[in-house]
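Trainee: Model the structure of this input:
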Amino acid sequence: MGMMFKLDNVIYGLKQKDNAWHKTIHHVFMNIGFSADQFIYVSGINGQYVYVSLCVDDLIITAKNHKKINEARITLKN
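Mentor: Numbers count the residues shown, from 1 in each chain. Here you go, the predicted model:
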């Protein structure tokens, strides 16, 4: 099952919604130890990297090791 965020206010239809979402998710990734490039978040050491790419309100998690993907999903759920 995917992760869920509770919004305090409805943001659909607002011009600022994309920026608000990006700021929120960026803060989450920085707090759990990811570094950011323009379009991708990266976390890992010793060749065990996890990559997360965002497009508006969708994201994809990829890594060579399926265990690392699951660890990232669990961390994001919390």
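
Trainee: so where's the longest helix in this protein?
Mentor: Secondary structure assigned by DSSP state H gives helix 17-31 as the longest helix of the chain.

Trainee: Whichever helix or strand comes after that helix: partners in the sheet, and parallel or antiparallel?
Mentor: Toward the C-terminus, helix 17-31 is succeeded by strand 35-36 as the next helix or strand (DSSP states H and E). Using DSSP bridges, the strands paired with strand 35-36 are strand 40-45 (antiparallel).

Trainee: re the thing from before, using CSV, write down the CA coordinates of the longest helix of the chain.
Mentor: In CSV, the C-alpha atoms belonging to helix 17-31 read as follows (Å, rounded to 0.1, in the frame of the first residue of the first chain):
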residue,chain,number,x,y,z
LYS,A,17,-0.7,23.6,-5.2
ASP,A,18,2.3,22.2,-7.1
ASN,A,19,4.8,24.4,-5.2
ALA,A,20,3.2,23.6,-1.8
TRP,A,21,3.4,19.9,-2.6
HIS,A,22,7.0,20.1,-3.7
LYS,A,23,8.0,22.1,-0.6
THR,A,24,6.3,19.5,1.7
ILE,A,25,7.8,16.4,0.1
HIS,A,26,11.2,18.1,-0.3
HIS,A,27,11.2,18.7,3.5
VAL,A,28,10.3,15.0,4.1
PHE,A,29,13.1,13.7,1.9
MET,A,30,15.7,16.0,3.5
ASN,A,31,14.7,15.0,7.0
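
Trainee: Packing partners of the helix or strand of the chain with the lowest mean pLDDT?
Mentor: Least confident helix or strand, the chain: helix 17-31 with a mean of 80, by mean pLDDT, DSSP states H and E. Packing partners of helix 17-31 (3 or more C-beta pairs under 8 Å, 6 or more residues apart in numbering; DSSP states H and E): strand 35-36, strand 48-55. In short, each C-beta sits where N, CA and C put it, glycine included.
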